[in-house]
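Participant: fold the following.
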Amino acid sequence: MNKPFTHTVGALLLALASSTPSTAWSASAVSTAATPNATPNAQLIRQGEYLARAGDCIACHTAGTKGKPFAGGLGMETPIGKVYSTNITPDKKAGIGDWSFADFDKLMRTGVTKHGYTVYPAMPYPSYSRLSEADMQALYAYFMHGVKADPTPNKAADIPWPLSMRFPLTIWRWAFAPTPQPYKTPATGDAQLLRGAYLVQGLGHCGACHTARGVGMQEKSLTDAGNTTFLAGGGVIDGWSVPSLRNEHGGGLARWSAAEIAEFLKTGRNSHTASFGAMNDVVAHSMQHMTDGDLAAMAKYLKSLPPSKPSTPAFVADDKLGKQLFSGIVNSTGAQLYLDRCAGCHRSDGKGYDKAFPALAGNAVLQTNDPTSAINIVLSGGAVPATRTAPSALTMAPYADIFNDEQTAQVVTFIQTSWGNRGTPVTAAQVAKVRKVSVPVEPSQTEATFAAGRHGTFPPVARQPHLKDAPAK
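Facilitator: Now for the predicted structure:
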């Protein structure tokens, strides 16, 4: 954590509680950040720090828990090889210390660097292009004056020639990136809803994961205008299926209130579920530091998005199975495994224990035909990071070395199809596929655990044969 942040967060939360994207800072304050040598006022730097938190910049631009903040070096797998995040500290050689505001603004809006080449769209510049002029100036002020310069050199991408040539990225940008233009708050409309849309579509870049990709690996939509594809769920990333964020059943947020959405973003948990995978990073380093007003705005916006599949039936609770298990009546191998290994925390009725052990009955993750995340949680375990308002770090141990593929398939099938859940049965072949990319959760979970990388980004270390390889009995 950056030291200045610790001392300024209280004042910052008050200052930003009612700000809007285009009016948070005066023109006189903004203009002081136009060049690397100008010294902006402290308020502008604090605003930039808040925005960098909202954008979760540190998660990609820091190489693990041992990396220097914003000094780059985090490896990210792509279909053509590994790319590394860059140094964005104000170091003049390795970082962006000699960049003018125009250089910074151009990169953020167009993906084109000071040196003239187009960056890989692992950087979500199509989303950042929507930032207001004031917010872009504040970000620039923070990275130039609020971040410690570090000389860590940048790493070249591990992509073989000719795939490493940059000109296709320019073509991709022409085809798929939006026309860059600063955001301006509309003169009419619900101010809270507009603020939520600005944060979700822009700095939050939620669509980078939660919107499906096209044949060119582009997000199929960048806003909700004229479509129901935006935020309707992405593909599978690092062994985790990415759920819908729309107000819909079958994996979306229809059963959550706006207050419950905001609670989840702030703490990584609510009465319906708990965060896992890359979302832990987002909660630990980004969302927990945002104001209640901004989180409420984001929640309101997400609840405003109509379903992509309006005919999907809602979850209807069925308590018959829970009563049977409670009475010791077990009718399947999956039920027996669940009763032996899972019911102690998640209960025989699948309702869990509020925010300590998440409910499985009605859990949105278990209402779709993609069981990837459910399989991965059983194999890898799960963790909810400690946050300022929910300091208990809760961890579920991995079962990869206890259950073989067939046993895992049976217990996940039981979970996906019990208590009224509308998920689908699972096969051992599906489990074997996820096992190849699963990464066991770390036993101790703190904010530092999630400090810079996403679990699953790097290939797992090969394991020795163990109980998981034994045939099912």
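Participant: wait, isn't residue 145 in contact with residue 41?
Facilitator: No. At 10.0 Å, residue 145 does not count as touching residue 41 under the criterion of C-beta atoms under 8 Å. C-beta: built from backbone N, CA, C; applies to glycine.
Participant: now do residue 447, the pLDDT please.
Facilitator: At residue 447, the pLDDT value in this model is 52.
Participant: what is the stretch of helix or strand residue 378 belongs to packed up against?
Facilitator: In the assignment (DSSP states H and E), residue 378 maps to helix 372-380. Packing partners of helix 372-380 (3 or more C-beta pairs under 8 Å, 6 or more residues apart in numbering; DSSP states H and E): strand 240-241, helix 405-417, helix 428-435.
Participant: let me have these in CSV, extended by mean neighbour count.
Facilitator: Listed next are the helices and strands packed on helix 372-380 as CSV, based on neighbours: other C-beta atoms under 10 Å:
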stretch, mean neighbour count
strand 240-241, 24
helix 405-417, 24
helix 428-435, 18
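Participant: in TSV: the ones you listed, plus mean pLDDT and distance to residue 187.
Facilitator: TSV is the format used below for the helices and strands packed on helix 372-380 (pLDDT from 0 to 100; distance: least, C-beta to C-beta, whole Å):
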stretch	mean pLDDT	distance to residue 187
strand 240-241	91	40
helix 405-417	97	48
helix 428-435	96	49
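Participant: need the ones you listed in TSV (columns: distance to residue 322).
Facilitator: Listed next are the helices and strands packed on helix 372-380 as TSV, based on distance: least, C-beta to C-beta, whole Å:
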stretch	distance to residue 322
strand 240-241	26
helix 405-417	12
helix 428-435	25
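Participant: which of those sits closest to residue 272?
Facilitator: Distance to residue 272, taken as C-beta to C-beta, is lowest for helix 405-417 among the helices and strands packed on helix 372-380, at 15.1 Å.
Participant: same for that closest one, what does it pack against?
Facilitator: helix 333-341, helix 372-380, helix 428-435.
Participant: okay, now residue 330: neighbour count?
Facilitator: If you count neighbours by other C-beta atoms under 10 Å, residue 330 ends up with 15.
Participant: that one - nearest residue in space that isn't next to it in sequence?
Facilitator: residue 336 (4.9 Å; C-beta to C-beta, 6 or more residues apart in numbering).
Participant: also residue 326?
Facilitator: Excluding the flanking residues, the one nearest residue 326 by C-beta to C-beta, 6+ apart is residue 348, at 4.5 Å.
Participant: which helix or strand contains that neighbour?
Facilitator: Applying DSSP H and E, one finds residue 348 in no helix or strand.
Participant: wait, it touches residue 328, no?
Facilitator: No. Counting by C-beta under 8 Å, residue 348 does not reach residue 328; the two are 9.5 Å apart.
Participant: looking at the two, which one has more neighbours?
Facilitator: The neighbour comparison of residue 348 against residue 328 (other C-beta under 10 Å) goes to residue 348, with 20 against 8.
Participant: distance of that one from residue 145?
Facilitator: 57 Å (C-beta to C-beta, to the nearest Å).
Participant: swap in residue 267?
Facilitator: Counting by C-beta to C-beta, the gap from residue 267 to residue 145 is 31 Å.
Participant: then residue 337?
Facilitator: 56 Å.
Participant: who has more neighbours, those two?
Facilitator: Remark: of residue 337 and residue 145, residue 337 carries more neighbours, 23 against 18, as counted by other C-beta under 10 Å.
Participant: doesn't residue 261 belong to a strand?
Facilitator: No. Residue 261 is assigned helix when assessed by DSSP: H, G, I helix; E, B strand; the rest coil, not a strand.
Participant: burial of the residue nearest to residue 330, as a residue count?
Facilitator: For residue 336, using other C-beta under 10 Å, the count is 15.
Participant: which ones are touching the residue nearest to residue 326?
Facilitator: Applying C-beta atoms under 8 Å, 6 or more residues apart in numbering to residue 348 gives the contacts 322, 325-326, 339.
Participant: that one and residue 327, how far apart?
Facilitator: 9 Å.
Participant: and the closest residue in space to residue 81 that isn't next to it in sequence, how far from residue 264?
Facilitator: Nearest residue to residue 81, sequence neighbours excluded (C-beta to C-beta, 6+ apart): residue 159, at 3.6 Å. Going from residue 159 to residue 264 by C-beta to C-beta gives 36 Å.
Participant: measure stretch 314-324 end to end?
Facilitator: In stretch 314-324, first residue to last residue: 24 Å (C-alpha to C-alpha, to the nearest Å).
Participant: where does the protein dip in pLDDT?
Facilitator: Residues of the chain that meet the criterion pLDDT under 70 lie in 1-38, 443-473.
Participant: spit out the contact partners of the residue nearest to the spatial centre of it.
Facilitator: Closest to where the C-alpha atoms of the chain average out (C-alpha atoms, centre = their mean) is residue 279, at 3.9 Å. Going by C-beta under 8 Å, 6+ apart, residue 279 touches residue 268.
Participant: a strand runs through it, doesn't it?
Facilitator: No. Read with three-state DSSP, residue 279 is helix and lies in no strand.
Participant: what distance do you get for it to residue 288?
Facilitator: For residue 279, the distance to residue 288 equals 12 Å [C-beta to C-beta].
Participant: next: residue 203.
Facilitator: Taken as C-beta to C-beta, the span from residue 203 to residue 288 is 15 Å.
Participant: quick check: the residue nearest to residue 81 touching residue 77?
Facilitator: No. Using C-beta under 8 Å, residue 159 is not in contact with residue 77; the gap is 10.9 Å.
Participant: ok, and the closest non-adjacent residue to residue 63?
Facilitator: The spatially closest residue to residue 63, leaving aside those adjacent along the chain, is residue 73, at 3.4 Å (C-beta to C-beta, 6+ apart).
Participant: what about that neighbour, neighbour count?
Facilitator: Neighbours of residue 73 (other C-beta under 10 Å): 20.
Participant: now do it against residue 155, distance only.
Facilitator: 6 Å.
Participant: now for these two: what residues contact both?
Facilitator: Joint contacts of residue 73 and residue 155 (C-beta under 8 Å, 6+ apart) are residue 84.
Participant: ranges for the strands of this protein?
Facilitator: For the chain, applying DSSP state E gives strands covering 75-78, 81-84, 236-237, 240-241, 382-384, 394-396.
Participant: redo those strands as a markdown table? Include distance to residue 167.
Facilitator: Converted to a markdown table, the strands of the chain look like this (distance: least, C-beta to C-beta, whole Å):
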| stretch | distance to residue 167 |
| --- | --- |
| strand 75-78 | 17 |
| strand 81-84 | 16 |
| strand 236-237 | 27 |
| strand 240-241 | 33 |
| strand 382-384 | 42 |
| strand 394-396 | 46 |
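Participant: output the helices and strands packed on helix 405-417 in CSV; the columns should cover distance to residue 247.
Facilitator: Converted to CSV, the helices and strands packed on helix 405-417 look like this (distance: least, C-beta to C-beta, whole Å):
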stretch, distance to residue 247
helix 333-341, 31
helix 372-380, 20
helix 428-435, 29
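Participant: out of those, nearest to residue 255?
Facilitator: Between the helices and strands packed on helix 405-417, helix 372-380 lies closest to residue 255; by C-beta to C-beta that is 17.2 Å.
Participant: and the angle for that closest one with helix 405-417?
Facilitator: 130 degrees (axes from the mean of the first three to the mean of the last three C-alpha atoms, to 10 degrees).
Participant: next, the contact list for residue 209, please.
Facilitator: Counted by C-beta under 8 Å, 6+ apart, residue 209 has contacts 234, 237, 242, 278.
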